[in-house]
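1. Here is my input; please provide its structure:
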Amino acid sequence: MTQEEIEQLEEMALRVREHIIRLSTDGGCFTGASLSCADLIVHLYNRFLNVGPHNFDAPDRDYLFLSKGHDVPALYGTFVELGWLEPERLRNHLKTNDFIYWHPNRNIPGIEFHSGSLGHLPSVALGVALDCKLRGLNNRIVVITGDGELDEGTVWEALLVASAKKLDNLLFIVDRNHFQANIRTEDLIPLEPLAPKFEAFGCHVQRVDGHDFTALEGALGNVSFNDGRPSVIIADTVRGRGLPSIQERADRWFCNFTHEEVAALLDELHGQRQATIASEALIVR
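-> Okay, the predicted model is just below:
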């Protein structure tokens, strides 16, 4: 991946974060968690998944299931930036004249399944992966879960079956931002050591910086889809990424800002981006 391609992904992720922030008013949304997985979703749709308007209904397309459905602002923001969703539709957020609300809705082209109940979509993805295997297809099925979602037993039940059925076309990506709702995961039900848990369930496991596009490219390129094992990527992320004022704050899992606060947060987002660019330029020198 070239530096130009990395910069293009970074710029798209910045615009997706703008959409997330703008959706954080007039009823609000799950801002912190959406910001943590924006880079993951941008990378997957730009560099990994074979899916788009040209093949939304094709049986051999790749599938993405957003099991942590409350992060849908990051998904819809990405769809807008890819040209799959009209930008003005985001203004219908939480209105009765559209399907844009707190969780994915299959009436939006590109959404494979409704989600909202945490722990539900791993089993749905498992079923799709098994069906694709039975039909002799070579597509890839990706499911994004939250780390707090791993408290749900259905996640591990799905992994048991996926391992037993040797579903090497199935990839779990864990958005490991270390929070669930308004508490740190390790203060509620500790998850670590996390990688060995997945390995014990028969998975091929990698751990990566979920905000580093080069690292994500390497990890996704290293996923084996023919070794008889489901794969897991634990993506270490930061809740509220891009907004230092709300980063890693337990009280910012759901936000409903005023319009004035949204404007200030957009300024903060761009200020943080410029500071990062300046810091990287100094390192290069």
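2. Identify the residues contacting residue 1.
-> Each residue near residue 1 by Cβ atoms under 8 Å, 6 or more residues apart in numbering is listed here: 47, 213, 214, 217. C-beta: built from backbone N, CA, C; applies to glycine.
3. Tell me which of these fall in helices.
-> Of the contacts of residue 1, the ones assigned to helices by DSSP state H are 213, 214, 217.
4. Quick check: the farthest pair among the contacts of residue 1?
-> Distances among the contacts of residue 1 were taken as Cβ to Cβ; the most separated pair is 47 and 214, at 10.9 Å.
5. tell me the phi and psi of residue 245?
-> Torsion angles at residue 245 (phi, psi; degrees, to the nearest 10) stand at phi -70, psi -20.
6. cool, residue 56 as well?
-> Taking degrees, to the nearest 10 as the convention, residue 56 sits at phi -50, psi -30.
7. Run through the residues that contact it.
-> Going by Cβ under 8 Å, 6+ apart, residue 56 touches 109, 110.
8. Repeat that for residue 137.
-> Here residue 137 is in contact with 59, 60 (Cβ under 8 Å, 6+ apart).
9. is it fair to say it lies in a helix?
-> No. Using DSSP: H, G, I helix; E, B strand; the rest coil, the secondary structure at residue 137 is coil, not a helix.
10. Low-confidence bits of this protein, can you list those?
-> 276-285 (pLDDT under 70).
11. would you list every one of the helices in the stretch 1-150 of the chain?
-> With DSSP state H, counting those that start in this stretch, the ranges of helices along the stretch 1-150 of the chain come out as 3-22, 31-43, 72-82, 121-134.
12. Quick one: those as CSV, columns for mean neighbour count and distance to residue 66 too.
-> Listed next are the helices of the stretch 1-150 of the chain as CSV, based on neighbours: other Cβ atoms under 10 Å; distance: least, Cβ to Cβ, whole Å:
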stretch, mean neighbour count, distance to residue 66
helix 3-22, 19, 14
helix 31-43, 28, 8
helix 72-82, 24, 6
helix 121-134, 20, 7
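13. Can you say which of these is nearest to residue 181?
-> helix 31-43 (9.4 Å).
14. Off-centre distance for that closest one?
-> 5 Å (Cα atoms, centre = their mean, to the nearest Å).
15. Show the contacting residues for residue 28.
-> Here residue 28 is in contact with 254, 255, 256, 257 (criterion: Cβ under 8 Å, 6+ apart).
16. And it, how far from residue 17?
-> 16 Å (Cβ to Cβ, to the nearest Å).
17. Same check on residue 259?
-> Counting by Cβ to Cβ, the gap from residue 259 to residue 17 is 17 Å.
18. same thing with residue 202?
-> 36 Å.
19. same thing with residue 147?
-> 20 Å.
20. What is the neighbour count of residue 233?
-> Counted with other Cβ atoms under 10 Å, the neighbours of residue 233 add up to 24.
21. Looking at strand pairing, list the partners for it.
-> Note on residue 233: beta-bridge partners by DSSP bridges are residue 173, residue 206.
22. With residue 150 as the reference, measure out to it.
-> The gap separating residue 233 from residue 150 is 14 Å, by Cβ to Cβ.
23. joint contacts of these two?
-> residue 174.
24. Who wins on neighbours among the ones in helices among the contacts of residue 1?
-> residue 213 (22 neighbours).
25. correct me, but that residue touches residue 8?
-> No. At 9.6 Å, residue 213 does not count as touching residue 8 under the criterion of Cβ atoms under 8 Å.
26. name the element the closest residue to residue 37 other than its chain neighbours belongs to?
-> Spatial nearest neighbour of residue 37, chain neighbours left out: residue 175 (4.5 Å); criterion: Cβ to Cβ, 6 or more residues apart in numbering. Residue 175 belongs to strand 170-176 when assigned by DSSP states H and E.
27. Which strands or helices does that strand pack on?
-> helix 31-43, helix 121-134, strand 141-146, helix 194-200, strand 231-236 (3 or more Cβ pairs under 8 Å, 6 or more residues apart in numbering; DSSP states H and E).
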